[in-house]
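Student: only the shape, not the letters, is given here:
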Ligand code: PMV
């Protein structure tokens, strides 16, 4: 029987950047994010004699996967199988699979689909095993894309770095469910250019930055503050800690060798204007950027009209809006 699963991206508030063991995507530090409710990705996995993967655009047209993408998907399947075998739940697991991946994420909105794809795949693979915990599903998601582990949970979730080199050493857990705090994400995409260096390659360079060690020392306290801010629904505290961490990650990226500059002039302009608007109108809005120039404006409902108004006035930008989602699931 084929298994169908669905998921959506997440936006990081404490960023994951850098691994302690690349092949297993074991992160160098904890991170934390808010899971979005859209755009979704749907996958179907079925038993097959050999591995194959087909991908479809939002309008249903087939999209040819690059060799790099196919290899990553197959490698993820093999790692998932290894993990399920290690924890002795792989009895009914397929020798190989055929995959169909339907992404509703328009390329133009600057959101990476990998977190949604690999969490949905983890969900589907988990469906072939018996008695799998949510934690185990998050481990399998992590094996394809570190941040995907967090999309397994809805609401706010943390990726726990853990210790040691075991496959299951790092996993995600829920900090607060989707209905805990009604925040929105207004996404402004200033550039449609494909990013030059993907995050898989980027993580490897983190260690070359002279700022990386200090970042690793700062994260435990930031993670703690961020969790408190979410539990207390203290927006100012959340804005302070997440913006500090975002700028710190981009400083690490920009000071690595070679330097990774994901932010554009447009990104900096939007940040400047949002800070002015926030101060002038006392708005509960914060900005954050992952590995690209796309700006996420996370806000409370009271700030929504002003933030929407600001976003819609941006020329040559794509605007997208999301609410907090429930995480990946079998459908
Ligand atoms: O999961 P990856 O390997 O695509 O890395 C995600 C990296 C950032 O988006 C920049 C930060 C994060 O925590 O999501």
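Tutor: That came in fine, so what should we check first? Quick caveat: nothing in here was measured; it's all calculated off a predicted structure. Numbers count the residues shown, from 1 in each chain.
Student: what about stretch 266-282, near the ligand?
Tutor: No - in terms of Cβ under 6 Å from any ligand atom, no part of stretch 266-282 sits within range of the ligand; the closest distance is 13.6 Å. Every residue, glycine included, has its C-beta placed from N, CA and C.
Student: contact residues of the stretch 101-250 of the chain facing the ligand?
Tutor: Checking the stretch 101-250 of the chain against the ligand by Cβ under 6 Å from any ligand atom, the hits are 112, 114, 115, 145, 146, 147, 199, 200, 203.
Student: gap between the third one and residue 331?
Tutor: By that I understand residue 115. Using Cβ to Cβ, to the nearest Å, we find residue 115 at a distance of 18 Å from residue 331.
Student: between these two, who's got more neighbours?
Tutor: When neighbours are counted by other Cβ atoms under 10 Å, residue 115 and residue 331 differ, and residue 115 comes out ahead with 32 against 15.
Student: so is the more buried one in a helix, a strand, or just coil?
Tutor: For residue 115, the reduced secondary structure class is helix; criterion used: DSSP: H, G, I helix; E, B strand; the rest coil.
Student: for residue 50, which non-adjacent residue is closest in space?
Tutor: Excluding the flanking residues, the one nearest residue 50 by Cβ to Cβ, 6 or more residues apart in numbering is residue 96, at 5.3 Å.
Student: before we move on, what about residue 142?
Tutor: Leaving aside its sequence neighbours, residue 142 sits nearest to residue 149 (Cβ to Cβ, 6+ apart; 3.8 Å).
Student: count of neighbours near that neighbour?
Tutor: As a burial measure, the neighbour count of residue 149 was computed by other Cβ under 10 Å and equals 35.
Student: give me the low-pLDDT residue ranges for the stretch 1-150 of the chain?
Tutor: Residues of the stretch 1-150 of the chain meeting the criterion pLDDT under 70: 108.
Student: helices of that one, start to end?
Tutor: Counting by DSSP state H, counting those that start in this stretch, residue ranges of the helices within the stretch 1-150 of the chain are 67-86, 114-128, 134-142, 148-151.
Student: could you do the stretch 201-331 of the chain as well?
Tutor: Listed in chain order, the helices of the stretch 201-331 of the chain (DSSP H, counting those that start in this stretch) span residues 212-232, 235-254, 265-281, 304-312.
Student: same list (those helices) but as CSV, adding distance to residue 318 and mean neighbour count.
Tutor: Formatted as CSV, those follow (distance: least, Cβ to Cβ, whole Å; neighbours: other Cβ atoms under 10 Å):
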stretch, distance to residue 318, mean neighbour count
helix 212-232, 28, 17
helix 235-254, 21, 20
helix 265-281, 12, 15
helix 304-312, 10, 17
